[in-house]
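Student: could you work out the structure for the sequence below:
(one chain, ligands or ions: 1)
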Amino acid sequence: MDNRQKWLFFIGSLMIGLICYQSANSSKSPVLGSHTSTKIATSQEEIGAFHRPDIKEKYGMTLNYFDVVEDKVSRNDLLSIILDKHGVSAYDVDVLAKKEKNLESTPYLIPGKKYTILKNKKTGKVEHFMYEPNAYKYIQYDLRDTMNVVEVKKEVNKKVVTSSGVIESSLWNAIVGSEDIHASMVQAIAANMEDALQWSVDFHHVQKGDKFRMIFEEDWIEGERVGVGKLIAAHFFQDNNDYYAIRFKNEKYDGFFDPEGRPMKKNFLKAPVKYARISSRFNPRRFHPVLKRVKAHLGTDFAAPKGTPIMATADGIVTKRSRTRGNGNFVKIKHDETYSTQYLHMSKFQKGVTVGTRVKQGQTIGYVGSTGLATGPHVCYRFWKNGKQVDPKRQNLPPPDPLPEEDKEQFFLERDKWIGKLKGIEFKTIGEENIPTEEEIEEMEKDSSDSNP
Ligand SMILES: [Zn+2]
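Tutor: This next block holds a predicted model:
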C-alpha cells in the first residue's frame with residue numbers, strides 16, 4: 001500500500017469501528033427481544049475528496065461482513081426448502097425447527113414476506129436466516145454453533161402528527177367506505193375518528209363543508225411509517241356545531257371525553273352499523289316502496305352491504321330473536337325500564353345471541369340482509385320508548401356522568417393543551433394529492449398487514 005491507500009484504509013476502519021460501537025451501544029440484548037437493531041446506515045459522507053465504502057447495518061450486524069441474500073417467501077416455501085437451496089442440511093433445519101418451539105408462537109412463512117440470508121464470506125456457510133413476518137419484528141435463526149431461534153421486536157418510534165380536511169361528501173365516502181381503499185392508513189385514521197366521535201357526529205349524514213382536524217400517533221420503524229397509532233384529539237365541525245374529543249388516560253379512565261369532561265361514549269350509538277348510509281328516516285307518513293301505499297315508517301333504515309355486522313347500540317338483554325314475514329330475521333334488546341331497540345331484515349343472527357343473552361354496546365348481534373319486506377340489504381333500526389316506537393334523533397337521552405372532580409383538573413390540563421394544538425391546525429381541502437394511490441395503499445398493506453406487534 002502506498003501512503004494514500006494506508007490513510008484511506010485507516011479512515012475506513014475508524015468509521016466501521018465507530019458505527020459498530022454505536023450500534024452495539026444502541027442494541028441491548030437481542031435475546032431479550034426488546035430492542036432495535038435494524039438500522040440501515042448507508043452514510044455516504046465525504047471525507048475530504050475520498051469516498052469510503054457504504055456500511056450496511058441491519059439486525060444488529062454489519063452486513064458488509066457477509067454475503068447477503070435478500071428475497072421474499074414464495075408460495076409453498078418452507079424453511080427447509082429455502083435453507084436447502086443454500087446448502088443447509090436437513091439435520092440442521094430439524095434442530096432449528098425444535099428451537100422454534102421456544103418462541104411464543106411458531107412463525108409461519110407467509111408468501112410475500114421478506115427474508116434475508118447471511119452467509120460467511122469465506123466458507124459460504126449460512127450463519128443467519130432472518131424472517132420478517134411484519135414490519136414490527138423479525139425472527140432470527142442463528143445457525144452458528146449450538147444454533148438458536150429468537151424473536152426480535154424492532155423499536156417503534158411514535159410520531160405525533162396532525163391532519164385536517166374540508167369534506168366533499170363524495171370524497172369522504174371515498175375515504176371511509178370505498179371498496180378499493182382497504183386496510184390502508186386512510187381507513188385506519190377514519191375508523192379512529194369514528195371511534196372517538198360516533199356518539200356526537202352524524203357520520204351517516206356528513207355534508208360538503210363539514211370539517212375536521214385531528215392529532216394522532218404514527219408508528220415509525222427504521223425511518224418508515226408502518227402504521228397508525230392512537231388518536232389523541234379530534235375536532236369535527238358539522239351543522240354549525242364544534243365537536244371535540246380528547247383522549248384521557250389515568251389509572252381509572254382511558255377514553256375520549258368532551259371539553260366538559262363528559263365521556264364521548266354515550267348510552268346509545270348513533271347507528272347500529274358502521275360506514276352505512278341512511279336510506280330512509282323515521283317518517284310517520286312514508287310511501288312504502290314494497291307495499292306501494294302510505295305506511296308509517298317507524299324506523300331508520302341504514303343501507304349497507306349484505307353481511308355487514310349489526311351492533312347493539314347500547315348494553316342490554318336480548319328479549320326477542322325471531323322471524324316474521326315483514327321484519328324478516330330480527331332481534332330486540334331491552335336496555336332498561338324505558339328503552340328497547342330492534343333490528344330488522346338480518347341475513348343471519350350472530351351465533352350465541354339468543355333470548356336472554358346480555359349484550360354490550362357495539363357487540364355484533366347479527367348481519368345485514370334483506371329478509372322480510374325489504375327492497376335491498378339494510379337494517380331497519382327501531383327505537384322503543386315505554387312501549388312506543390319513537391325517532392331516536394328526537395330523544396333527549398340522558399347523558400353519561402362526567403369525570404369526577406378529582407380527575408377533572410388533570411383532564412382540563414390535557415384538554416387545554418390539545419384543543420390549543422387542534423385550533424392551530426389549518427383546514428385544508430382534501431385534494432387528490434392527499435389520497436394515496438392504489439399502488440401506495442398496496443405497498444402500505446404489504447408492509448403493515450397483520451402489523452400488530
Ligand atoms: Zn325500515
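Student: which strand residues bridge Phe349?
Tutor: Beta-bridge pairing for Phe349 (DSSP bridges): Gly366.
Student: point me to the residue of the stretch 1-150 of the chain nearest the ion.
Tutor: Asn134 (42.6 Å; CB to the ion). In short, each C-beta sits where N, CA and C put it, glycine included.
Student: that residue pairs with what?
Tutor: Beta-bridge partners of Asn134, counted by DSSP bridges, are Lys137.
Student: what's the answer for Thr162, then?
Tutor: Ile215.
Student: what is the burial count for it?
Tutor: For Thr162, the neighbour count with other CB atoms under 10 Å is 15.
Student: kindly report the same for Arg293.
Tutor: Neighbours around Arg293, by other CB under 10 Å: 7.
Student: I'd say it and Arg285 touch.
Tutor: No - the criterion here is CB atoms under 8 Å, and Arg293 misses it with Arg285 at 11.2 Å.
Student: helix, strand or coil for Arg415?
Tutor: Recorded secondary structure, Arg415: helix (DSSP: H, G, I helix; E, B strand; the rest coil).
Student: would you confirm that it contacts Phe256?
Tutor: No - at 11.2 Å, Arg415 and Phe256 do not qualify as touching, with contact defined as CB under 8 Å.
Student: any idea which residue of the stretch 351-453 of the chain lies closest to the ion?
Tutor: Closest point on the stretch 351-453 of the chain to the ion, by CB to the ion, is Cys380, at 2.9 Å.
Student: find the centremost residue of this structure, please.
Tutor: Ala188 (4.8 Å; CA atoms, centre = their mean).
Student: host element of that residue?
Tutor: For Ala188, the host element (DSSP states H and E) is helix 185-197.
Student: where's that helix relative to the chain centroid, distance-wise?
Tutor: Centre-to-centre, helix 185-197 and its host chain are 9 Å apart (CA atoms, centre = their mean, to the nearest Å).
Student: what do you get for stretch 131-142?
Tutor: Remark: stretch 131-142 is offset 20 Å from the chain centroid, using CA atoms, centre = their mean.
Student: using PDB, write out the CA atom coordinates for it.
Tutor: Output in PDB follows, covering the C-alpha atoms of stretch 131-142 (Å, rounded to 0.1, in the frame of the first residue of the first chain):
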ATOM      1  CA  TYR A 131     -37.500 -13.700   8.600                       C
ATOM      2  CA  GLU A 132     -39.700 -10.600   8.800                       C
ATOM      3  CA  PRO A 133     -43.400 -11.600   9.200                       C
ATOM      4  CA  ASN A 134     -44.300  -7.900   9.600                       C
ATOM      5  CA  ALA A 135     -42.800  -4.500  10.000                       C
ATOM      6  CA  TYR A 136     -42.600  -4.700  13.700                       C
ATOM      7  CA  LYS A 137     -40.400  -7.700  14.300                       C
ATOM      8  CA  TYR A 138     -38.100 -10.300  12.800                       C
ATOM      9  CA  ILE A 139     -37.200 -13.900  13.700                       C
ATOM     10  CA  GLN A 140     -33.500 -14.600  13.800                       C
ATOM     11  CA  TYR A 141     -32.400 -18.200  13.000                       C
ATOM     12  CA  ASP A 142     -28.800 -18.300  14.200                       C
END
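Student: flag every buried residue along it.
Tutor: In terms of neighbour count (16 or more other CB atoms under 10 Å), stretch 131-142 has its buried residues at 131-142.
Student: circling back: using PDB, list the CA coordinates for the helix holding Ala188.
Tutor: Output of helix 185-197 as PDB, limited to C-alpha atoms (Å, rounded to 0.1, in the frame of the first residue of the first chain):
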ATOM      1  CA  MET A 185     -53.800   4.200   6.800                       C
ATOM      2  CA  VAL A 186     -56.600   6.300   5.500                       C
ATOM      3  CA  GLN A 187     -59.200   3.800   6.700                       C
ATOM      4  CA  ALA A 188     -57.500   3.300  10.000                       C
ATOM      5  CA  ILE A 189     -57.500   7.000  10.600                       C
ATOM      6  CA  ALA A 190     -61.100   7.300   9.600                       C
ATOM      7  CA  ALA A 191     -62.000   4.400  11.900                       C
ATOM      8  CA  ASN A 192     -60.100   6.100  14.700                       C
ATOM      9  CA  MET A 193     -62.000   9.200  14.200                       C
ATOM     10  CA  GLU A 194     -65.300   7.400  14.100                       C
ATOM     11  CA  ASP A 195     -64.400   5.600  17.300                       C
ATOM     12  CA  ALA A 196     -63.900   8.900  19.100                       C
ATOM     13  CA  LEU A 197     -66.800  10.900  17.600                       C
END
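Student: and the next helix or strand past the top strand by length along the chain?
Tutor: Longest strand of the chain, by residue count under DSSP state E: strand 224-238. Using DSSP H and E, the helix or strand that directly follows strand 224-238 along the chain is strand 241-249.
Student: pLDDT weak spots in this protein?
Tutor: Within the chain, the stretches with pLDDT under 70 are 1-53, 168-187, 428-453.
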